[in-house]
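Enquirer: Let's see this in three dimensions:
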Amino acid sequence: MAKPKKTAKQNQSKISGMGKGKTVTGRVLHDPVRDKLLPIFPLDLSKVTSIDSLVRAMGDTAYTARQVGDGADVLEAMARDKDCFVVMTLAGALTVGKMGLIFCDLIESGIVKAIVSTGALMAHGLVEATGLSHFRYDPTKMDDKQLFHAGYNRVYDSLEPETNLDHVEDVMDHILDEWDDEETVCSWKVHRRIGEYLHRTAPGRGILKSAYHHNVPIFVPAFSDSELGIDFALHKITRQRQNRPVLRFDPFEDFEKFADTMLATKRMGIFTVGGGVPRNWSQQFGVYAELLARRGYKNLPLKRYNYGLRICPEPVHWGGLSGSTYTEAVSWGKFVPPEEGGRFAEVFEDATVALPLIVGAVLERLNYFKR
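Expert: Residues are numbered from 1 along each chain as shown. Just a heads-up that it's a prediction; the model follows:
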């Protein structure tokens with residue numbers, strides 16, 4: 001006689017009874033419902049109707065897809081916290097990678113209040129904002145040696161024509177030629193002047209133009225490591241030849257402006273795309289604030305980031321800064337520990353894939369596209 005099958009109710013009863021005692025192997029099998037574990041679900045594309053619905057569904061799956069969903073939740077929390085000042089740090093060739101309008105959206109939506117970036121990213125963004133183009137690289141047409149002689153600079157699978165960068169120098173010369181000889185130059189002032197120039201001359205959108213319109217300062221800690229830094233050096237030669245006073249660049253004006261801005265905040269969030277100098281320069285503010293107090297310069301409480309979202313595929317095991325975890329940064333006093341309310345997400349993915357999904361989902365949640 002066949003053994004009768006157990007009903008679903010009987011199976012659930014069996015599962016619910018787990019954890020009452022040891023099995024013969026000594027294991028105590030827990031009930032995941034009683035342990036309050038969160039279930040995960042299959043991604044049903046037939047129910048996806050928007051970027052947000054896709055990202056929410058991804059958050060209920062596993063692996064990098066879940067990281068994308070968790071990342072959107074943390075960015076949304078930062079955006080909805082009215083007392084949170086959000087800093088975005090940018091590294092990599094993301095404007096050549098055509099992510100520039102996403103940064104505009106983050107600024108124009110009011111989510112991002114300050115930006116710390118590589119200089120190259122801003123220079124390539126300036127190219128885009130003035131109406132010039134980047135191009136696909138076709139390796140069957142030219143190799144890298146031929147590209148150099150033709151004046152095409154390769155950025156992974158894309159090309160930046162040298163003529164574009166000559167145009168950037170023209171813009172910088174215009175900005176610096178009108179600079180007051182007595183005024184010290186620093187990166188946030190330069191980028192604000194460029195944004196003002198674009199406001200007057202460029203009809204399209206661009207990260208520097210959006211930042212100018214919304215009073216979002218842009219800091220480039222390694223300013224000399226960029227086309228704009230090179231242009232500043234060339235302009236210095238021009239002034240020397242014309243027997244004009246040479247402009248003085250002081251990076252500590254950037255440092256002090258950023259520190260004063262962050263010290264005035266109630267809570268802080270950081271949205272990091274890539275890593276490198278922009279990430280570390282922004283994060284070390286917590287260290288600076290702690291030293292101000294501990295070494296007797298100012299009487300102030302700890303200033304640490306309450307929120308953090310990082311999109312970067314760099315693994316931690318290489319020991320590089322870009323791969324270091326938020327947990328490691330807690331040990332430096334840069335972040336509030338999760339046990340004390342800190343909320344963080346790390347997405348190990350190419351930014352050109354994860355960034356549009358995460359930002360698009362959050363902007364939908366905030367009804368940004370319907371305004």
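
Enquirer: Point out where this structure drops to low pLDDT.
Expert: Along the chain, segments meeting pLDDT under 70 span 1-20.

Enquirer: Please repeat the previous calculation with a cut-off of 90.
Expert: Applying pLDDT under 90 to the chain flags residues 1-26, 92, 301-302, 313-328, 370-371.

Enquirer: Helices along that one, start to end?
Expert: 8-16, 51-59, 63-80, 100-108, 119-129, 144-150, 162-177, 187-201, 207-213, 227-241, 251-263, 276-294, 326-331, 351-365 (DSSP state H).

Enquirer: quick one: contacts of the fifth one?
Expert: With Cβ atoms under 8 Å, 6 or more residues apart in numbering as the contact definition, helix 119-129 has outside contacts at 90-96, 100, 103, 134, 155, 160, 164-165, 167-168, 171, 187, 191, 194, 198, 202, 204-209, 218, 220, 222-229. Any C-beta I mention is one placed from the backbone N, CA and C, and that applies to glycine too.

Enquirer: Now list the buried members of the residues you listed.
Expert: For the contacts of helix 119-129, a burial check counting by 16 or more other Cβ atoms under 10 Å picks out 90-96, 100, 103, 134, 155, 160, 164-165, 167-168, 171, 187, 191, 194, 198, 202, 205-209, 218, 220, 222-223, 226-229.

Enquirer: Tell me who's in contact with Val190.
Expert: With Cβ under 8 Å, 6+ apart, Val190 has these contacts: 175, 223, 228, 232.

Enquirer: Could you dump the helices of the chain into a markdown table with distance to Leu300 added?
Expert: Shown next, in a markdown table, are those (distance: least, Cβ to Cβ, whole Å):
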| stretch | distance to Leu300 |
| --- | --- |
| helix 8-16 | 53 |
| helix 51-59 | 37 |
| helix 63-80 | 23 |
| helix 100-108 | 29 |
| helix 119-129 | 31 |
| helix 144-150 | 51 |
| helix 162-177 | 36 |
| helix 187-201 | 23 |
| helix 207-213 | 28 |
| helix 227-241 | 33 |
| helix 251-263 | 7 |
| helix 276-294 | 5 |
| helix 326-331 | 19 |
| helix 351-365 | 32 |
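
Enquirer: Identify whichever of the ones you listed lies nearest to Val316.
Expert: Nearest of the helices of the chain to Val316, taken as Cβ to Cβ: helix 326-331 at 7.9 Å.

Enquirer: Tally up the residues packed near Gly360, please.
Expert: Gly360: 20 surrounding residues under other Cβ atoms under 10 Å.

Enquirer: Just to check, it is in contact with Ile51?
Expert: Yes - applying Cβ atoms under 8 Å, one finds Gly360 in contact with Ile51, separated by 3.9 Å.

Enquirer: The closest residue to Pro221 other than its chain neighbours and Thr95, how far apart?
Expert: In space, and not counting its chain neighbours, Pro221 is closest to Trp281: 4.2 Å by Cβ to Cβ, 6 or more residues apart in numbering. Distance of Trp281 to Thr95, given as Cβ to Cβ, to the nearest Å: 19 Å.

Enquirer: Ok, Pro278 next?
Expert: Distance, Pro278 to Thr95, by Cβ to Cβ: 14 Å.

Enquirer: And for Val216?
Expert: For Val216 relative to Thr95 (Cβ to Cβ), the value is 16 Å.
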